[in-house]
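Q: Build me a model:
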Amino acid sequence: MSKFGELIDDKLPLLLVFFNQNDEVSSVMHPVLKDVAAAMGDKGKVIKIDTEKNDKLSEALRVRVLPTLMIYKLGEMVWRQSGEQDANTLISLMQDHV
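A: Residues are numbered from 1 along each chain as shown. You can find the predicted model right below:
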């Protein structure tokens, strides 16, 4: 998990999305996340994390509902929400932390 610490310790906002390939709501979010990444460009990052491949991290962050979305900036979680979100909301939240 030391790589995780390096990943979140950035001055740019980072949107982490915990998902599972078999979860229908998580699948619906993929095009939304592409829109968010495109809108943010180099002012933020969007990273999808498969809970099956990263079970220790998911457990450490108490991810119980999929998808779970978190925004980190400078190593601190500044926002967290579970469930489906729309692109405009996520873009607005990310821009608030640029």
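Q: what element comes up after the longest helix seen in the chain heading to the C-terminus?
A: Looking across the chain with DSSP state H, the single longest helix is helix 24-40. With elements assigned by DSSP states H and E, the helix or strand that comes after helix 24-40 is strand 45-50.
Q: Name the nearest residue to V32, ignoring sequence neighbours.
A: In space, not counting the residues next to it along the chain, V32 is nearest to A87; the distance is 4.8 Å by Cβ to Cβ, 6 or more residues apart in numbering. C-betas here are computed from N, CA, C, even on glycine.
Q: contacting residues for G75?
A: Taking Cβ atoms under 8 Å, 6 or more residues apart in numbering as the contact definition, G75 lies against 5, 8-9.
Q: The same query, at a cut-off of 7 Å, please.
A: If you count contacts by Cβ atoms under 7 Å, 6 or more residues apart in numbering, G75 has them with 8-9.
Q: With M40 instead?
A: For M40, the contacting residues are 91, 94, by Cβ under 7 Å, 6+ apart.
Q: Look up how far N54 lies from it.
A: According to Cβ to Cβ, to the nearest Å, M40 stands 22 Å off from N54.
Q: quick one: low-confidence parts of this protein?
A: 1-2 (pLDDT under 70).
Q: which residue is nearest the middle of it?
A: L16 (1.8 Å; Cα atoms, centre = their mean).
Q: and that residue, what element?
A: In the assignment (DSSP H and E), L16 maps to strand 14-19.
Q: What residue, apart from its backbone neighbours, is nearest Q21 spatially?
A: Spatially, and ignoring its direct neighbours in sequence, Q21 is nearest to D50 (6.7 Å; Cβ to Cβ, 6+ apart).
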